[in-house]
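# fold the following for me, if possible:
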Amino acid sequence: MAQKIPLSEITQIADFFVIVHHVRGRIRIRANLKNLSKAKAWAQNTKLRQFLADSHSNDMQANGTQAMIIALLKRLSAIKEIKVNALIGSATITYDANLFEPNLWESWVKKERLEEITAKLNDFSQDIKEI
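Numbering: from 1, shown residues only. Next up is the predicted model:
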């Protein structure tokens with residue numbers, strides 16, 4: 001049985017990014033610099049390491065907050081493409097808006113509807129993409 005993404009991890013991830021720009025099917029996020037030290041500590045201790053290891057992906061050794069979050073998102077069937085700009089700490093994510101409703105991104109950042117978001121992410125991860 002596939003490892004589940006814990007609600008507690010989804011809740012913590014919400015603190016680590018802000019939405020810069022969002023149109024249906026495409027979102028640009030940037031690292032939330034006020035929570036940088038918290039994000040670094042999370043990356044060292046996250047339970048997502050087990051989830052990533054269970055997915056048999058090349059990213060299972062991902063280190064750092066950005067790498068862990070990108071590794072998680074890449075596995076989800078709703079995510080089509082991720083372009084990272086490491087210089088400014090941002091990522092542009094192209095996603096299937098029919099699978100992951102645009103308002104869920106805003107809800108995630110506001111820490112609203114987290115149980116629904118976690119369930120949806122776990123549904124997507126059942127059909128993990130090999131990258």
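
# and the strands in this protein?
Taking DSSP state E to define them, one finds strands in the chain at 17-23, 26-31, 79-85, 90-95.

# figure out which of the ones you listed is closest to residue 111.
Residue 111 sits nearest to strand 17-23 of all the strands of the chain, at 12.3 Å, using Cβ to Cβ. C-betas here are computed from N, CA, C, even on glycine.

# for that closest one, which residues meet the burial criterion?
Across strand 17-23, burial judged by 16 or more other Cβ atoms under 10 Å covers residue 17.

# quick revisit: could you dump the strands of the chain into TSV with distance to residue 38 and mean pLDDT added?
Formatted as TSV, those follow (distance: least, Cβ to Cβ, whole Å; pLDDT from 0 to 100):
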stretch	distance to residue 38	mean pLDDT
strand 17-23	12	95
strand 26-31	11	93
strand 79-85	21	92
strand 90-95	19	93
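
# export the ones you listed to JSON lines and append columns for distance to residue 112.
JSON lines is the format used below for the strands of the chain (distance: least, Cβ to Cβ, whole Å):
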{"stretch": "strand 17-23", "distance to residue 112": "14"}
{"stretch": "strand 26-31", "distance to residue 112": "16"}
{"stretch": "strand 79-85", "distance to residue 112": "21"}
{"stretch": "strand 90-95", "distance to residue 112": "19"}
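
# so where's the protein uncertain?
1-3, 49-64, 126-131 (pLDDT under 70).

# for burial, what's the neighbour tally of the nearest residue to residue 88 once chain neighbours are set aside?
Distances taken as Cβ to Cβ, 6 or more residues apart in numbering place residue 30 nearest to residue 88, at 7.0 Å, with adjacent residues excluded. Neighbourhood size, residue 30 [other Cβ atoms under 10 Å]: 15.

# residue 30 reaches residue 90, doesn't it?
Yes - counting by Cβ atoms under 8 Å, residue 30 sits close enough to residue 90 to count as a contact (4.3 Å).
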